[in-house]
Structures are given as structure tokens and as C-alpha cells.
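> Pasting the sequence and the predicted coordinates here, then a few questions.
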Amino acid sequence: MVFQHFNLVERSSVMTNILTGRLGYSKTWPTMLHRFSKEDREKAWMVLKRMDIEEQAHKLARELSGGQQQRVGISRALMQDPELMLADEPVASLDPVLAHSILQHLENLNREDKLTVICSLHYLDLVQRYGTSVVGLRDGRLVYQGTKKQIKNMTDEEFKQIYGEEASRIGSGLEGNLEGTGAA
């Protein structure tokens, strides 16, 4: 699971945060003393390199930028060898450049590792760029299902089903900017 607010232990190192992804696979007492197996440490270094944050390994999590913290969160999830990764608004607190960087990492995991990634996003421009299948939920109910290509041709009625009657599109296309919505 990749969280919107990172859920890192800010006073712990990046490496320790990533290794916590192995807690369910390790004995309790050694992990309480930060003693992880050689295999787990080697795997953590591989994941750090893959996520382009190996130079941050010994920094405290609180010293990292938001994008770096989110890559630590993804790395922690990868330590569990998932077949499916859930990402709950992984770019909600990031600027557009970092948002694209994080979504590119998730896209690469999907493409290269065949890892299924289910990602909650509020911005249709990001859905169009990175999504494959699209499901729109509002108040826990399915209100839209289609492909990312169909989003471009989404009617105003379909748009409002997802974002509510008060929603309006900004500009001539779907830039993903919404006014006064409680987008879900």
C-alpha cells in the first residue's frame, strides 16, 4: 500500500523505513533491534537504486522532499513482493513535476514487472496520461467506467456524475483543475 501522506517514521532513516516493509516476513526481536537479514538489506539497496534514492539511504525521512518520501513509501511496499499495489492518492500533496515522476515510477513497475497498480487519482489529466482502465466513484458508488481514451469524450453529465453538480471544467479541455468539488 502506498499512502497519500507517506506514513514514514520521520525520525528513522530511509533504509529503516524501507526495511519495515519486511516486518511481516521477519522475526520480531531482531527487527525490533533493526537487525534485518542480509537478503533483506540487499533487496532494500536494489529497491533504493530502482527508485533513484540510494544516495538518501542514511538520511532521516524528515529530511527528504515530498517526492523522495513518496518513493520511500513505494520502496517499502515493494519490499513485500506484492502482486498488487494500492496507491491512495500518491500524488495529492506533490507539485505537478513530482506527481509525474511518482506516476512514472508506478507506470514502470506496471510495465516492467507486470505489477498491477490500482491508483486513486482526482485529476483526469493524470488519469488520461497514466491510466488504462478508469473507474469513477462518488460517495462509494460506481458512477463511471471506461478507458482513458473515453475520458476525452466524456460528456458534461458524466463529468458531473463523478465530481458533483457543482463541478465545472476549466479551460477548453480536461486539465484536471476543479472548482469547489469534493472529488472522490
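Good, I have the coordinates.
> Please, where are all the helices along this structure?
14-19, 28-32, 38-50, 66-78, 96-113, 124-130, 148-152, 156-163 (DSSP state H).
> Report the distance from the fourth one to the chain centre.
Just to be clear, that refers to helix 66-78. Centre-to-centre, helix 66-78 and its host chain are 8 Å apart (CA atoms, centre = their mean, to the nearest Å).
> From the contact counts, what lies against it?
For helix 66-78, the packing partners by 3 or more CB pairs under 8 Å, 6 or more residues apart in numbering; DSSP states H and E come out as helix 14-19, helix 38-50, strand 84-88, helix 96-113. Heads up, the C-betas are built off the backbone N, CA and C, glycines and all.
> shaky segments in this structure?
24, 26-34, 167-184 (pLDDT under 70).
> how does it divide up, domain by domain?
Domain segmentation of the chain under automatic domain parsing yields 1-120, 121-178.
> Now render the ones you listed as a markdown table, adding mean neighbour count.
Shown next, in a markdown table, are these (neighbours: other CB atoms under 10 Å):
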| stretch | mean neighbour count |
| --- | --- |
| domain 1-120 | 17 |
| domain 121-178 | 15 |
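> which one of the helices and strands packed on helix 66-78 lies closest to residue 5?
With respect to residue 5, and counting by CB to CB, the nearest of the helices and strands packed on helix 66-78 is strand 84-88 at 9.1 Å.
> got the angle for the closest one vs helix 96-113?
If you take axes from the mean of the first three to the mean of the last three CA atoms, to 10 degrees, strand 84-88 sits at 170 degrees to helix 96-113.
> export the helices of the chain to CSV and tack on distance to residue 3?
Listed next are the helices of the chain as CSV, based on distance: least, CB to CB, whole Å:
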stretch, distance to residue 3
helix 14-19, 12
helix 28-32, 21
helix 38-50, 17
helix 66-78, 6
helix 96-113, 12
helix 124-130, 17
helix 148-152, 24
helix 156-163, 23
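> Out of the ones you listed, which gets nearest to residue 2?
Checking the helices of the chain against residue 2 by CB to CB gives helix 66-78 as the closest, at 5.2 Å.
> ok, residue 117 to residue 162 distance?
Going from residue 117 to residue 162 by CB to CB, to the nearest Å gives 20 Å.
> Nearest spatial neighbour of the residue sitting nearest the centre point of the chain, chain-adjacent residues omitted?
Geometric centre of the chain, nearest residue: residue 90, 3.4 Å, by CA atoms, centre = their mean. Leaving aside its chain neighbours, residue 90 sits nearest to residue 2 (5.0 Å; criterion: CB to CB, 6 or more residues apart in numbering).
> Hmm, that neighbour is touching residue 73, no?
Yes. Using CB atoms under 8 Å, residue 2 is in contact with residue 73, at 5.2 Å.
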